[in-house]
Every structure is written in structure tokens, then in C-alpha cells.
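1. Take a look and give me a structure for this.
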Amino acid sequence: MSVHSGMINAVLRAKMGAVLSLLNNRYKPNINALNDVVRNINMLHLNVKTLGYELARQLSAALPVQQGLTPRHVGLSCKASIQADLESDWVAQWCAALQIPVMFHRKVWELAYVLQAIYENGHIREGARGLGFGCGVEPLPSLLASRGVSITMTDLEPVQAAESGWIETHQHMSDRDGAFRSELVDRATFDEKVRLRYVDMNAIPADLTDFDFCWSICALEHLGTIEKGLAFVENSLATLKPGGLSVHTTEYNINPDGPTVDDQGTVLYQKHHVEALATRLRAKGHFVAPFDFALGDKPLDRFIDVPPFHPDLGIEMQQFLGNPLHLKVAVDGFACTCFGLLIRKVA
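-> Numbers count the residues shown, from 1 in each chain. You can find the predicted model right below:
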């Protein structure tokens with residue numbers, strides 16, 4: 001950029017700032033017409049959040065207390081996160097196992113979905129081997145280790161993670177202790193059962209093999225493009241024994257038609273992307289669970305949270321709003337939720 005262009009841009013930014021400022025230079029309300037249009041947009045965002053989060057809190061409080069739950073087979077499909085799932089006994093069971101409350105939050109759904117898939121395929125047992133991709137600070141390694149499963153958890157190499165912003169947002173596994181949950185597993189068992197490796201999901205090392213199952217939670221949409229994420233899912237099957245399970249969740253654009261985000265830090269998959277992947281995998285003999293594209297018909301299924309999200313709100317506003325509770329969010333202007341994929345390698 002030339003010096004002249006830089007000066008012009010600076011002037012334009014200053015003028016736009018004056019147009020959009022809530023106050024003029026005499027500390028009176030700015031009555032510029034453009035400002036009149038946009039001044040209350042942030043308030044509307046906060047109203048949406050306040051009402052949606054409060055509804056979710058009230059619905060959570062109204063859930064029946066369920067005790068003595070044990071894992072059971074529900075015939076999990078490839079599906080989206082919906083309110084009915086979070087009201088189910090199978091989600092309640094895994095929340096109890098993780099020692100977290102049942103909340104109407106899509107991240108809670110993802111944890112329960114992955115654990116249910118692993119359970120239904122018979123791999124939560126002594127002697128099983130699991131491989132986690134992009135684990136960040138997930139509690140799954142601790143819980144699975146407590147059940148006798150040996151876990152190799154992976155995350156991006158620290159320098160790359162820092163460049164991508166994952167360390168700054170506390171979503172990176174800088175060392176193995178970040179996954180230790182003392183309420184879920186004792187230290188000796190964790191040290192025996194859990195190891196950490198730094199892995200680029202776009203280049204899975206050839207020596208990661210012979211696992212009973214592998215998983216990732218909202219990681220494959222961060223690999224650069226839609227096709228890279230789909231290739232990762234297919235490549236993850238090489239890490240498994242014959243008949244092994246590959247289970248993943250990802251960001252999902254709920255509108256099956258029209259544009260979506262690709263070639264970006266976070267890409268958004270659509271119905272036709274996952275269907276095409278399933279066709280490709282089934283042609284090679286792999287099992288892909290049936291698809292259920294239902295988006296739910298309950299109040300929280302229709303609540304789409306909007307930016308700014310908690311990390312960008314500041315401490316006081318975070319405390320004012322309370323914990324974020326949502327199943328669907330707006331990502332770059334697209335309504336999204338989480339979608340789970342369940343695949344078994346050909347025997």
C-alpha cells in the first residue's frame with residue numbers, strides 16, 4: 001500500500017468513526033442518519049442472547065432428575081445436535097459420567113455423541129485403544145482412561161497452534177496435564193493410560209495405527225478447506241483396526257442450498273458434502289451410519305445465537321449474560337449447528 005493510499009484510508013476510517021459514534025464532539029447524541037440505523041444493533045444482539053439463554057436455563061431446570069442411569073444402545077445415526085437429544089437419558093448418562101450438568105449447549109451434545117458412539121461400538125472397555133485428534137482440553141481422555149482405555153491424544157504442534165490462535169483462546173493441549181481431570185480419573189491411571197503427540201491432521205503420521213477407535217470434536221472444519229476436512233475423515237480410517245470406529249463432529253450449515261464458507265479458518269459443511277463423503281466411503285466397503293438431517297422442532301432448535309460470543313464480550317458482560325447456552329449459532333452470517341459422523345472401517 002502506498003503512503004498516499006494509507007493516508008486516504010486513515011481519513012476514511014476517521015470519518016466513518018465519526019459517523020457511527022454514539023456521541024458527537026460535544027457529547028450529544030449523534031443524529032447522523034446512518035448512526036440512527038445501526039446504533040441499536042448491539043442492543044438487539046444482547047436481547048437475543050438474554051432471552052435465548054434464559055429459556056435454555058429454565059428448560060434445563062425443568063428437566064427431571066435422573067438417577068441410576070447406565071449406558072444403553074440407542075442406535076446412533078449421523079445427525080445434528082437437537083434439543084430432544086439433550087433431554088434424553090443417554091445424554092444425561094454421559095453428563096453424569098463426566099460430572100457436568102445437563103445443559104442445552106452444543107458442546108455438551110458433542111461430548112455425549114462421541115462417547116455414545118464409542119460405547120455402542122463396544123470400545124469403552126479394558127484394553128481398548130483410542131486415538132483423539134485435535135483434543136484441546138477435552139475431558140474425554142480422562143474419562144476413557146478411567147474405564148481402562150489406552151488413549152493417544154493429539155493436537156497441533158505448539159508453534160503452529162500459537163500462529164493459529166488456539167493457545168491464546170485456551171483451546172490447545174500444550175502438555176498432557178491439560179487433559180487430566182482429577183474428578184474423573186486418578187493420577188496413576190491417567191499417567192499409565194494417556195499419552196500426547198503433536199499431529200497435523202492434514203498429514204497423519206503413518207505409525208499411528210491399530211487403534212480400536214478414533215475421534216475428533218469440531219476440529220476437521222479448521223483444516224483449511226472443505227475437501228481437506230473430508231480427506232481427513234477418510235484418512236483417519238487408516239489408523240484403525242479392521243472394523244474400527246471413526247467418529248467426528250463438525251460445524252454444519254443448516255441450509256442445504258446456496259453458498260457456504262470454504263477455504264477459510266472455519267469452513268461450514270452442508271448436507272451434500274457429508275452425503276458425498278458417505279457415498280465415497282461406502283463404495284470402498286466402509287459402514288457409514290444412516291443419516292438423520294432433522295434439525296429439531298423445539299424452541300431451542302430455532303434459537304440461533306449471534307456474535308459477539310463470550311470471549312469477545314468482556315468479563316462484566318459475560319457475567320451479566322451468564323453461561324452461553326445454544327444449539328445453533330451464526331457463523332459468518334450462516335446458521336450452523338454441530339453434526340456428527342459415525343463410520344466403521346471395513347472388516
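
2. for the protein, which strand is longest?
-> For the chain, the strand that runs over the most residues, judged by DSSP state E, is strand 240-253.

3. Pull out the buried positions in that one.
-> When neighbours are counted by 16 or more other Cβ atoms under 10 Å, the buried residues of strand 240-253 are found to be 240, 244, 245, 246, 247, 248, 249, 250, 251, 252, 253. C-beta coordinates here come from the backbone N, C-alpha and C atoms, glycine included.

4. Also stretch 177-194?
-> Of the residues in stretch 177-194, those scored as buried under the neighbour-count criterion (16+ other Cβ under 10 Å) are 178, 179, 180, 181, 184, 185, 190, 193, 194.

5. what does stretch 292-300 give?
-> Residues 295, 296, 300 are the ones in stretch 292-300 that count as buried (16+ other Cβ under 10 Å).

6. could you dump it to CSV, C-alpha only?
-> Output in CSV follows, covering the C-alpha atoms of stretch 292-300 (Å, rounded to 0.1, in the frame of the first residue of the first chain):
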residue,chain,number,x,y,z
ASP,A,292,-30.8,-38.1,10.1
PHE,A,293,-30.9,-34.5,8.9
ALA,A,294,-33.7,-33.4,11.2
LEU,A,295,-32.9,-30.0,12.8
GLY,A,296,-35.5,-30.4,15.6
ASP,A,297,-38.8,-28.7,16.2
LYS,A,298,-38.5,-27.4,19.8
PRO,A,299,-37.8,-23.8,20.9
LEU,A,300,-34.0,-24.1,21.3
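
7. any idea how far residue 153 is from residue 175?
-> Residue 175 sits 11 Å away from residue 153, going by Cβ to Cβ, to the nearest Å.

8. Looking at these two, which is more packed in?
-> Counted by other Cβ atoms under 10 Å, residue 175 and residue 153 do not tie: residue 153 has more neighbours, with 27 against 10.

9. show me what contacts residue 344?
-> For residue 344, the contacting residues are 121, 243, 244, 245, 246, 286, 287, by Cβ atoms under 8 Å, 6 or more residues apart in numbering.

10. farthest pair in the buried residues of stretch 177-194?
-> Pairwise distances among the buried residues of stretch 177-194 were taken by Cβ to Cβ; the largest, 15.6 Å, belongs to 178 and 193.

11. Could you tell me the per-residue confidence at the residue nearest to the spatial centre of the chain?
-> The structure's the chain has its C-alpha centroid closest to residue 218; by Cα atoms, centre = their mean the separation is 3.7 Å. Note on residue 218: pLDDT of 95.

12. Report the contact partners of it.
-> Neighbour list for residue 218: 107, 110, 249, 250, 251, 338 [criterion: Cβ under 8 Å, 6+ apart].

13. from these, which single one is nearest residue 234?
-> When the contacts of residue 218 are ranked by distance to residue 234 (Cβ to Cβ), residue 250 comes first, at 13.8 Å.

14. if I read this right, that closest one contacts residue 336, doesn't it?
-> No: under the criterion of Cβ atoms under 8 Å, residue 250 makes no contact with residue 336, lying 9.7 Å away.

15. thinking again about what came up before, what is the most widely separated pair among the contacts of residue 218?
-> The two members of the contacts of residue 218 with the most space between them (Cβ to Cβ) are 107 and 250, at 12.9 Å.

16. Identify the contacts common to these two.
-> With contacts defined as Cβ under 8 Å, 6+ apart, the residues shared by residue 107 and residue 250 are 218, 338.

17. contacts for the host helix or strand of residue 42?
-> Element membership of residue 42, judged by DSSP states H and E, is helix 41-61. For helix 41-61, the surrounding residues in contact (Cβ under 8 Å, 6+ apart) are 83, 101-105, 299-300, 303, 305-308, 321-326.

18. now swap in stretch 107-125 and tell me
-> Applying Cβ under 8 Å, 6+ apart, the external contacts of stretch 107-125 come out as 71, 73-76, 81, 85-86, 90-91, 94-95, 97-98, 100, 102, 130, 138-140, 143-144, 147-149, 212-213, 215, 217-218, 245, 247, 249, 327, 338, 340, 342, 344.

19. repeat that with 7 Å
-> Judged by Cβ atoms under 7 Å, 6 or more residues apart in numbering, the contacts made with stretch 107-125 from elsewhere in the structure are 71, 73-74, 76, 81, 85-86, 90-91, 94-95, 98, 100, 130, 140, 144, 147-149, 212-213, 215, 217-218, 245, 247, 249, 338, 340, 342.

20. ChimeraX command to pick out the buried ones of those residues?
-> Buried residues among the contacts of stretch 107-125 (16+ other Cβ under 10 Å), as a ChimeraX selection:
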select :76,81,85,86,90,91,94,95,98,130,140,144,147,149,212,213,215,217,218,245,247,249,338,340,342
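
21. now the strands for this structure?
-> Read by DSSP E, the chain holds these strands, from start to end of the chain: 78-80, 129-133, 150-155, 194-198, 211-217, 240-253, 287-288, 291-292, 304-305, 328-331, 334-344.

22. now the second one: mean pLDDT?
-> Spelled out, that is strand 129-133. 98.

23. Tell me which other helices or strands it touches.
-> Taking 3 or more Cβ pairs under 7 Å, 6 or more residues apart in numbering; DSSP states H and E as contact, the helices and strands that strand 129-133 lies on are helix 140-146, strand 150-155, strand 211-217.

24. Distance to residue 270 for the ones you listed - can I get that in CSV?
-> Formatted as CSV, the entries for the helices and strands packed on strand 129-133 read as follows, by distance: least, Cβ to Cβ, whole Å:
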stretch, distance to residue 270
helix 140-146, 27
strand 150-155, 27
strand 211-217, 19
